[in-house]
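>>> output the structure for:
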Amino acid sequence: MLGVTPRSSANPPQAPPGPQNPVPPAQQKDTQAPPPAGQAAPAGPEYTISVESALVNLDVLVTDEDGKVLAGLKKDNFRVLDNGRPQAITNLAPVEAPITIVMLLEYSGIAYDYFAYKGADWGSGFLSHLNPEDWVALIRYDMKPAIAVDFTHNKAAVRDALNTLSYPQFREANMFDAIFDTLDRLERVKGKKSILLITTGADTFSRHTLDQVYRRLKEADVTVFCIGSAEREYMNAGNSLSYFQAKNQLQTFARLTGGHSWFPRFEGELPSIFESVANFLRNQYRIGFSPPDLAHDGKYHRLKVEIVGPDGKPLVVKNDKGKRRKVIVYAREGYTDTKRPGNN
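Reported below is the predicted structural model:
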């Protein structure tokens, strides 16, 4: 690695925002493991969001406001705007590959190791929501990131690693550097991949800045999900400007990459959150389009995905009681065009 009707099943009570109880599409078992650390990737990777031969691929999840996944959408139901210009969609298909996800875990001595052990306990709970064919890796970070378990199907090995983590060695939590390092390693992994970041949101003295992280996420082909582990503690302690800034950063990481963020106050919320992460990745559509005016100048293109009906107007969705529900689209906010030599 690192080297058009909502689902009929009811939502669980008090479920967090995010996809709830969808029926997963058929899975294609991928028997090829992501390359381990330091090993070159196979030729010809397929990126989640990429610009190759003027083709842009984009993964999209569509739900109603209650979190029910919208099934049976067709190509004509999607409208993609690239820098405000409508694009002709060339292909649409459900994403059927197994999940490939990195659990990026803050494991530092902040608050006398409290958040480190809390994060490790939460991370263990996520593993039961993965299928046997899914790939998972574990990276922990304090002053610097370290690979605890490379990509594997063996969830028990990851759980054992979480259960046997030693005392955090440093109080520092250099989150920005850890995100950069993980994204660099994931460049060698082909296919659709994602990061589950479990963190307080604190960053002590990373070499990279927040703006650099934002730019790097815009260029990456990785979906980021964030779970804030300090919501209850900071809310009980009263308003904290630094915490609200950290929370906003995590929300932006997720929004830029088409993911989602959660900030649970109670452990009872975690199973629904973990289920939402897995359902999110199992129920996406992959959209392909070819912008006719790419300049290959390395600039960022803003994307907007709209869901429309046969009349071209916003799609009308109703729940089982006939009440209209708002359509929610989860997709990357944009992509960075490839830059050709000589383009300034």
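
>>> ok but Gln281 is inside a strand, no?
Quick fix: residue 281 is Leu, not Gln. No: using DSSP: H, G, I helix; E, B strand; the rest coil, the secondary structure at Leu281 is helix, not a strand.

>>> residue contacts, the nearest residue to it once chain neighbours are set aside?
Leaving aside its chain neighbours, Leu281 sits nearest to Ile99 (5.0 Å; criterion: Cβ to Cβ, 6 or more residues apart in numbering). Placement of C-beta: from N, CA and C, glycine included. Ile99 makes contact with 130-131, 134-136, 194, 278, 281-282 under the criterion Cβ atoms under 8 Å, 6 or more residues apart in numbering.

>>> got those as TSV, with neighbour count, secondary structure and pLDDT columns?
Shown next, in TSV, are those (neighbours: other Cβ atoms under 10 Å; DSSP: H, G, I helix; E, B strand; the rest coil; pLDDT from 0 to 100):
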residue	neighbour count	secondary structure	pLDDT
Leu130	20	coil	97
Asn131	14	coil	96
Asp134	21	coil	97
Trp135	23	strand	97
Val136	24	strand	98
Ser194	21	strand	97
Ala278	20	helix	95
Leu281	26	helix	95
Arg282	23	helix	94
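
>>> would you reformat those as a markdown table and include distance to Leu294?
Shown next, in a markdown table, are the contacts of Ile99 (distance: Cβ to Cβ, whole Å):
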| residue | distance to Leu294 |
| --- | --- |
| Leu130 | 37 |
| Asn131 | 37 |
| Asp134 | 34 |
| Trp135 | 32 |
| Val136 | 35 |
| Ser194 | 26 |
| Ala278 | 34 |
| Leu281 | 28 |
| Arg282 | 31 |
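
>>> between those, which is nearest Leu315?
Arg282 (21.8 Å; Cβ to Cβ).

>>> from Asn83, how far out is that closest one?
30 Å (Cβ to Cβ, to the nearest Å).

>>> CA atoms only for the longest strand out of those in the chain - export them in PDB, please.
Using DSSP state E, we find that the single longest strand of the chain is strand 55-64. Output of strand 55-64 as PDB, limited to C-alpha atoms (Å, rounded to 0.1, in the frame of the first residue of the first chain):
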ATOM      1  CA  LEU A  55     -11.800  11.800 -19.400                       C
ATOM      2  CA  VAL A  56     -12.900  12.700 -15.900                       C
ATOM      3  CA  ASN A  57     -14.200   9.900 -13.600                       C
ATOM      4  CA  LEU A  58     -16.300  10.900 -10.600                       C
ATOM      5  CA  ASP A  59     -17.800   8.800  -7.800                       C
ATOM      6  CA  VAL A  60     -21.200  10.000  -6.600                       C
ATOM      7  CA  LEU A  61     -23.600   8.900  -3.800                       C
ATOM      8  CA  VAL A  62     -27.200  10.100  -3.900                       C
ATOM      9  CA  THR A  63     -29.600   9.900  -0.900                       C
ATOM     10  CA  ASP A  64     -32.700  11.700   0.300                       C
END
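
>>> that one: how far from the chain's middle?
12 Å (Cα atoms, centre = their mean, to the nearest Å).

>>> residue ranges with poor pLDDT in the stretch 51-200 of the chain?
Scanning the stretch 51-200 of the chain for pLDDT under 70 picks out 51-53.

>>> give me the contact list for the lengthiest helix in the chain.
Taking DSSP state H as the criterion, the chain has its longest helix at helix 241-257. Around helix 241-257, the neighbours that count as contacts under Cβ under 8 Å, 6+ apart are 179, 197, 199-203, 210, 213-214, 217-218, 220, 222-226, 228, 230-231, 234, 259-261, 263, 332-334.

>>> which ones among these lie within strands?
Filtering these for strands - DSSP E - leaves 197, 199, 222-226, 228, 261, 334.

>>> related to what we said a few turns ago, C-terminal to the longest strand of the chain, what's the next element?
strand 70-71 (DSSP states H and E).

>>> what are the pairing partners of that next one, and which direction each?
The strands beside strand 70-71 in its sheet (DSSP bridges) come out as strand 5-6 (antiparallel).

>>> quick one: mean pLDDT for the strand it pairs with?
Averaging pLDDT along strand 5-6 gives 36.

>>> what's the answer for stretch 228-238, then?
79.

>>> give the buried residues for the longest strand of the chain.
Neighbour counts over strand 55-64 (16 or more other Cβ atoms under 10 Å) mark 56-64 as buried.

>>> equivalent analysis for stretch 306-325, please.
Buried, per 16+ other Cβ under 10 Å, within stretch 306-325: 307, 315, 317, 325.
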